[in-house]
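Asks: Only the shape, not the letters, is given here:
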């Protein structure tokens, strides 16, 4: 588990690490991880460094991942599992392990950015042609979080992070929770795809 303060500190450290490694406002940074707390630190760290995160689903075919990396001109790849990256076989100029943060400050100077910076780019399924990268801005996310109607998340809520982070559905789960002060529960991929296990998690955690 992580408190909000710990999440803030760790993502600041990661942002300083990324800036040291050459990430500047507008840089596309790929992130390849299973659903985890490291994943959350990764997403926020990239945003705080001014970068644009490009989530890579480890379950996608190698050809699809290579296409995304080439199409987005990816140089930086953030990961937390050496064996996962080796098994998938993807490579970029600057692979960056998220476990190398101890030497970086928890204090972060604000990074200059556009008034409505792009936060992430997700790729379409490509069913009608080649996959296309769709850009989502800060204002897109804030509008989604603050105008959700009947499914508004409150600080007392417990929200399950069930959607794959390379799918737009994860945006509401993650940011509506973190921006409203709710509790966000991660779930491993085995539980996420097992209806009985998923039901048990929802019941046990009071989702």
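Replies: Yes, it's here. None of the values given here were measured: they were computed from a predicted structure. Numbers count the residues shown, from 1 in each chain.
Asks: Quick one: the strands in the protein, in order.
Replies: 28-32, 52-55, 76-79, 94-97, 118-123, 133-137, 158-161, 183-186 (DSSP state E).
Asks: Between the ones you listed, which one is closest to residue 67.
Replies: Among the strands of the chain, the nearest to residue 67 by C-beta to C-beta is strand 118-123 (8.3 Å). Any C-beta I mention is one placed from the backbone N, CA and C, and that applies to glycine too.
Asks: tell me the angle that closest one makes with strand 133-137.
Replies: If you take axes from the mean of the first three to the mean of the last three C-alpha atoms, to 10 degrees, strand 118-123 sits at 160 degrees to strand 133-137.
Asks: any idea how far strand 118-123 is from the chain center?
Replies: Between the centre of strand 118-123 and the centre of its chain there are 10 Å (C-alpha atoms, centre = their mean, to the nearest Å).
Asks: now do stretch 157-169
Replies: Remark: stretch 157-169 is offset 10 Å from the chain centroid, using C-alpha atoms, centre = their mean.
Asks: Tell me the buried residues in it?
Replies: Across stretch 157-169, burial judged by 16 or more other C-beta atoms under 10 Å covers 157, 159, 160, 161, 162, 163, 164, 165, 166.
Asks: ok, the first one touching residue 177?
Replies: Yes: applying C-beta atoms under 8 Å as the test, residue 157 and residue 177 come out as touching, 7.5 Å apart.
Asks: Would you mind putting the strands of the chain into TSV with distance to residue 106 and mean pLDDT alongside?
Replies: Listed next are the strands of the chain as TSV, based on distance: least, C-beta to C-beta, whole Å; pLDDT from 0 to 100:
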stretch	distance to residue 106	mean pLDDT
strand 28-32	20	96
strand 52-55	21	97
strand 76-79	18	95
strand 94-97	18	92
strand 118-123	22	95
strand 133-137	27	94
strand 158-161	24	95
strand 183-186	21	95
